[in-house]
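S.K.: quick one, fold the following:
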Amino acid sequence: VQLQASGGGLVQAGGSLRLSCAASGRTFSSYAMGWFRQAPGKEREFIATITWSGDNTNYADSVKGRFTISRDNAKNTVYLQMNSLKPEDTAVYYCAAKRALKFDYWGQGTLVTVSN
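M.R.: This is a model prediction of the structure:
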């Protein structure tokens with residue numbers, strides 16, 4: 001599966017953005033999906049995951065209550081709604097797909113910059 005992330009940009013602290021990740025292929029609905037991010041000089045970190053059906057989600061503590069992951073299998077797309085953004089949310093955000101134990105497929109990343 002190929003993944004294409006979009007929706008990043010520059011936003012003021014307290015603002016919102018919605019990231020999208022479009023997947024190619026007819027088996028998108030069989031993959032669990034996730035969002036990760038990597039800030040400059042830091043390691044990549046987990047943000048959120050969603051099961052193939054969308055019934056279960058999981059979030060990092062740093063974004064819980066502010067970010068929401070969702071998916072539309074009919075559109076082969078997973079979303080990350082980001083509210084109450086903080087400067088420390090500045091990073092390149094990546095979407096990824098997992099069929100079994102690990103995330104095997106990664107998108108190219110989209111940059112989110114949150115200004116004070």
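S.K.: any idea which helix or strand in this protein has the lowest mean pLDDT?
M.R.: When the helices and strands of the chain are compared on mean pLDDT, DSSP states H and E, strand 103-106 comes out lowest with a mean of 94.
S.K.: what sits up against it?
M.R.: Defining contact as CB atoms under 8 Å, 6 or more residues apart in numbering, one finds that strand 103-106 is touched by 1-3, 31, 34, 36, 94-98. For glycine as for every other residue, the C-beta is placed from the backbone atoms N, C-alpha and C.
S.K.: now the following helix or strand past it: buried residues?
M.R.: Scanning forward in sequence from strand 103-106 by DSSP states H and E, the next helix or strand is strand 110-115. Using 16 or more other CB atoms under 10 Å as the test for burial, strand 110-115 gives 110, 112, 114.
S.K.: so the second one sits right up against Asp89, yeah?
M.R.: In other words, Val112. Yes. Using CB atoms under 8 Å, Val112 is in contact with Asp89, at 6.4 Å.
S.K.: in strands, which of the contacts of strand 103-106 appear?
M.R.: 3, 34, 36, 94-98 (DSSP state E).
S.K.: out of those residues, which is most surrounded?
M.R.: Cys95 (30 neighbours; other CB atoms under 10 Å).
S.K.: would you map the strands across the protein?
M.R.: Under DSSP E, the chain gives strands at 3-6, 9-12, 17-23, 32-38, 45-50, 57-59, 67-72, 77-82, 91-98, 103-106, 110-115.
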